[in-house]
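*Asks:* Take this sequence and fold it.
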Amino acid sequence: MEIVVALGFAAAVLFGADRLLLWLERRGHVNWRRTARPDLTAEPSARLDALLADVGSRS
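*Replies:* Next up, the predicted model:
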């Protein structure tokens, strides 16, 4: 019987955390489940060697 109570409590905590995160998402604080992930192919990319190329010429 204790395991049933523990599993029920764990399910209630997870459900409450999910509802809290959905509420925070509606208010614009976090991205949880409803907003799509950003398309990373549209982001600008830079290679590490290009970023570090200027460091050697500053001395």
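*Asks:* From now on I want contacts and neighbour counts done on CA atoms only, so please keep to that.
*Replies:* OK.
*Asks:* Distance from the chain centre to the helix or strand harbouring residue 10, please.
*Replies:* Applying DSSP states H and E as the criterion places residue 10 in helix 2-26. For helix 2-26, the separation from the chain centroid amounts to 18 Å (computed by C-alpha atoms, centre = their mean, to the nearest Å).
*Asks:* just for this protein, where's the confidence low?
*Replies:* Applying pLDDT under 70 to the chain flags the ranges 40, 42-46, 48-51, 54-59.
*Asks:* Tell me the secondary structure at the residue nearest the centre of it.
*Replies:* The centroid of the chain falls nearest to residue 31 when counting by C-alpha atoms, centre = their mean (6.3 Å). Put simply, residue 31 is coil when judged by DSSP: H, G, I helix; E, B strand; the rest coil.
*Asks:* got the contact list for it?
*Replies:* Residue 31 is in contact with residue 25, counting by C-alpha atoms under 8 Å, 6 or more residues apart in numbering.
*Asks:* For it, give its distance to residue 14.
*Replies:* Distance, residue 31 to residue 14, by C-alpha to C-alpha, to the nearest Å: 17 Å.
*Asks:* cool, and residue 7?
*Replies:* Where residue 14 is concerned, residue 7 sits at a distance of 11 Å (C-alpha to C-alpha).
*Asks:* Kindly report the same for residue 21.
*Replies:* Residue 21 is 11 Å from residue 14, where distance means C-alpha to C-alpha.
*Asks:* Counting neighbours around each, name which of these two comes out higher.
*Replies:* Higher neighbour count among residue 21 and residue 14: residue 21, with 17 against 12, using other C-alpha atoms under 10 Å.
*Asks:* Find the residue closest to that one in space, skipping its chain neighbours.
*Replies:* By the measure of C-alpha to C-alpha, 6 or more residues apart in numbering, the closest residue to residue 21 outside its immediate chain neighbours is residue 32, 6.4 Å from it.
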